[in-house]
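Engineer: Whatever this is, show me its structure:
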Amino acid sequence: MDYLKLEKPFKPPVDWNQIKLVIFDCDGVLTDGRIVYGNYDTLCVADTKNFNAHDGMGFTLLHYAGITPAVITGRSSLALSKRCKDLKIKHLYQGVQHKLEKANKLLAKLGLSWNQVAYMGDDWNDIPCMQAAAVSFCPVDACQEIRHLADVVTTLQAGRGAVRECIDHILYCQHRFEQAVRAYLSDISIV
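Structural biologist: Got it, this is the predicted structure:
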């Protein structure tokens, strides 16, 4: 059922080699979108999130390819802070209501422009960034209208490899996938 018809903005063809920054949403992209609250005691409520190990390796490959990852999300989570620390994601912004404004500040800080950005989101609060980015991605299980507006829809679901598919797609289009894998394997191999 179509409730709202927004048109995709016209975008020039993606110059994949210009992509230097990939921004991800968290819930519904890095995770399957479920938000689980646990009650440790009456003063502290803990949230839990499930992340995908394959997505994590994708972030490692991004680093080896020299592409900066970032996460901009509307919620705040200690679990996400820990995951980003583990993955060496330096640009994490939580509790953000206006993602485009925060992304513009990040671009200014890094000296980049939107034609150097890929963005992966799954809902209406991601649309301004998805429309501004050189290329936008969403997981296959994002709502229908978001899939319609995304430039690339993954075949895998959120929290189940969609992020890795996005990263691999970018690296393949840049012809840097094999280079990133070889660099990683070289670092972990015993000579």
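Engineer: The spatially most central residue of the chain and D15: what is the separation?
Structural biologist: The geometric centre of the chain, computed from its C-alpha atoms, lies nearest to F24 (CA atoms, centre = their mean), at 2.1 Å. Here the criterion is CB to CB, to the nearest Å. By it, F24 lies 21 Å from D15. For glycine as for every other residue, the C-beta is placed from the backbone atoms N, C-alpha and C.
Engineer: same question, A180
Structural biologist: For A180 relative to D15 (CB to CB), the value is 19 Å.
Engineer: likewise L107?
Structural biologist: For L107, the distance to D15 - CB to CB - is 16 Å.
Engineer: Looking at these two now, which is surrounded by more residues?
Structural biologist: Shown here are L107 and D15; by other CB atoms under 10 Å, L107 has more neighbours (18 against 13).
Engineer: And the pLDDT at that one?
Structural biologist: L107 is assigned a pLDDT of 98 by the prediction.
Engineer: now the helix or strand hosting M130, how far from the centre of its chain.
Structural biologist: Assigned by DSSP states H and E, M130 falls within helix 127-132. The chain centre lies 13 Å from the centre of helix 127-132; the measure is CA atoms, centre = their mean, to the nearest Å.
Engineer: and what of stretch 124-144?
Structural biologist: Put simply, stretch 124-144 sits 10 Å off its chain's centre (CA atoms, centre = their mean).
Engineer: start to end distance for that stretch?
Structural biologist: Using CA to CA, to the nearest Å, one end of stretch 124-144 lies 11 Å from the other.
Engineer: Look at I67 and say how many residues are nearby.
Structural biologist: I67 has 21 nearby residues by other CB under 10 Å.
Engineer: nope, L62 is what I meant
Structural biologist: So L62, with other CB under 10 Å, has 24 neighbours.
Engineer: and the residue lying closest to it once chain neighbours are set aside, how many neighbours?
Structural biologist: Distances taken as CB to CB, 6 or more residues apart in numbering place P69 nearest to L62, at 5.2 Å, with adjacent residues excluded. Using other CB under 10 Å, P69 has 21 neighbouring residues.
Engineer: That'll do, ta.
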